[in-house]
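J.: return atomic coordinates for the entry below.
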Amino acid sequence: MKKSLFLMGLFALFISCKGNVSQTDKPQPVNLILDTDLGPDYDDVGAMALMHALADSGQVNILATLSSNHDERVVPCIEVLNTYFNRPDIPVGAPKSEPGASLTTWHKTKWTDELPANYPHHTAKTSDAPDALKVYRKILSEQPDTSVVICTIGFFSNLRDLLQSGADEYSDLSGKELVAKKVKRLVSMAGLFPEGKVYCDVPASKVVADEWPTEIVFSGFEIGNVILTGKKLVQMNVENSPVKDAYALCFTEGDPEGRMSWDHTAVLVAIKGYEPYFDVERGTFHVVDDEGTNNWVANPNGRDLRLIEKMPPTEVASLIENYMMHQPSIK
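T.: Numbers count the residues shown, from 1 in each chain. So this is what the prediction gives:
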């Protein structure tokens, strides 16, 4: 009898310990701020759909979705997507510094007009949104140390403003000190590797490249350029989807095999990490002139990482597109 009781106690202890381990080992969601220029191209739409799909599976906590683009349609489109995925209250913001950059879609189909005209959103135009700098400083000040991942799939304007900001009502720290304390890493779709160019607000790009105090992971143009997505998305038997609408409207101009997934790769890596999708090389990213020329200096002790193709692009495309096709969870 004593032996039976002893074995039962051991079994109960094992179950208890096992339960505690599983709770401890459960991956915590990534605390993410997305900074996007949504509009010049429509890959931002797919990238945001991917982000919301991963949020619905508990892998990411979306702290804010900010515009780095002054174009008046950007924040309304961001809110259309947040609302569609049942997250209408995610904080938004827009750049207030000048000159910055203002780019509308370069596609003939003005999908950035179509989405706000057909789907609900709060903000009438980008300039009505709160100051992105203030949103950054408020949110970062509220988060645990080294807990925030920032993903930029647009211009570096807001990040430059953040670095150069001073103490305010949210924090006594300078912007650079606040980033160093609160940000785990920055993930950026920018540049072409090993040499290329960054476009739009080059001065801001240079400031961030020179002064950012945490690791930066770069998904260069060459990474997303060979990952084509959207073909299955536009064939979905789904109506009243702003994600499908944006792709379907632009696909009428071309892209029969899919659109390049530049921004998607940055968001994927920001949330899920680069393994097993990509290899990386450590080094340092430089913006070397006023034209935006970038180069890469490999260095095992460098601050930065750049993605290198590993998984076949067709496999990465299939993974990304499955996330893009995710439908909003019922809440």
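J.: only C-alpha atoms from now on, for both contacts and neighbour counts.
T.: Will do.
J.: for A49, which residues are in contact?
T.: L81, V243, Y323, M324, M325, H326 (C-alpha atoms under 8 Å, 6 or more residues apart in numbering).
J.: number of nearby residues for the fifth one?
T.: Neighbour count for M325, taken as other C-alpha atoms under 10 Å: 21.
J.: which SSE is the residue lying closest to it once chain neighbours are set aside in?
T.: Of all residues not flanking M325 in the chain, L233 sits nearest, at 5.8 Å (C-alpha to C-alpha, 6 or more residues apart in numbering). When elements are assigned from DSSP states H and E, L233 belongs to helix 231-234.
J.: got it, and E169?
T.: Applying DSSP H and E, one finds E169 in no helix or strand.
J.: quick check: it vs V80, distance?
T.: E169 sits at a distance of 30 Å from V80 (criterion: C-alpha to C-alpha, to the nearest Å).
J.: more neighbours, these two?
T.: Set side by side, E169 and V80 show unequal neighbour counts under other C-alpha under 10 Å, the larger going to V80 at 25 against 8.
J.: A helix includes the more buried one, no?
T.: Yes: secondary structure of V80, determined by DSSP: H, G, I helix; E, B strand; the rest coil: located in a helix.
J.: what strand or helix carries the closest residue to it other than its chain neighbours?
T.: Distances taken as C-alpha to C-alpha, 6+ apart place H121 nearest to V80, at 5.2 Å, with adjacent residues excluded. When elements are defined using DSSP H and E, H121 is found to belong to no helix and no strand.
J.: neighbours of H121, how many?
T.: H121: 20 neighbours (other C-alpha under 10 Å).
J.: who's in contact with Y84?
T.: The contact partners of Y84, taken as C-alpha under 8 Å, 6+ apart, are S241, P242, P328.
J.: just the pLDDT for the residue nearest to M325.
T.: We note a pLDDT of 96 for L233 in this prediction.
J.: may I see the buried residues of the helix holding L233?
T.: Using 16 or more other C-alpha atoms under 10 Å as the test for burial, helix 231-234 gives K231, L233, V234.
J.: list the contacts of the second one.
T.: It refers to L233. For L233, the contact set (C-alpha under 8 Å, 6+ apart) comprises K244, Y247, E321, M324, M325.
J.: how close does the closest residue to the first one other than its chain neighbours get to M324?
T.: To tie it back to what came earlier, the one meant is K244. Closest residue in space to K244, ignoring its immediate chain neighbours: V234 at 5.5 Å, by C-alpha to C-alpha, 6+ apart. In this view, V234 and M324 are 11 Å apart by C-alpha to C-alpha.
J.: who touches both of those two?
T.: By C-alpha under 8 Å, 6+ apart, no residue touches both V234 and M324.
J.: quick revisit: I'd like the contacts of Y84 as JSON lines, with distance to Y199, neighbour count and pLDDT appended.
T.: Rendered in JSON lines, the data for these read as follows (distance: C-alpha to C-alpha, whole Å; neighbours: other C-alpha atoms under 10 Å; pLDDT from 0 to 100):
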{"residue": "S241", "distance to Y199": "31", "neighbour count": "17", "pLDDT": "97"}
{"residue": "P242", "distance to Y199": "27", "neighbour count": "21", "pLDDT": "98"}
{"residue": "P328", "distance to Y199": "34", "neighbour count": "16", "pLDDT": "93"}
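J.: of all those residues, which comes closest to V30?
T.: For V30, the nearest member of the contacts of Y84 is P328. The distance, counting by C-alpha to C-alpha, is 19.5 Å.
J.: before we move on, back to that, hmm, the residue nearest to K244 is touching A246, no?
T.: No: counting by C-alpha atoms under 8 Å, no contact exists between V234 and A246, whose distance comes to 9.2 Å.
J.: which stretches of the stretch 201-331 of the chain form strands?
T.: Taking DSSP state E, counting those that start in this stretch to define them, one finds strands in the stretch 201-331 of the chain at 216-219, 228-229, 259-260, 278-287, 293-298, 304-309.
J.: now the third one: average pLDDT?
T.: In other words, strand 259-260. Averaging pLDDT along strand 259-260 yields 93.
J.: for it, the distance to its chain's centre please.
T.: If you compare the mean C-alpha spot of strand 259-260 with that of the full chain, they lie 17 Å apart, counting by C-alpha atoms, centre = their mean, to the nearest Å.
J.: helices or strands up against that strand?
T.: In this structure, strand 259-260 packs against strand 228-229, with contacts taken as 3 or more C-alpha pairs under 8 Å, 6 or more residues apart in numbering; DSSP states H and E.
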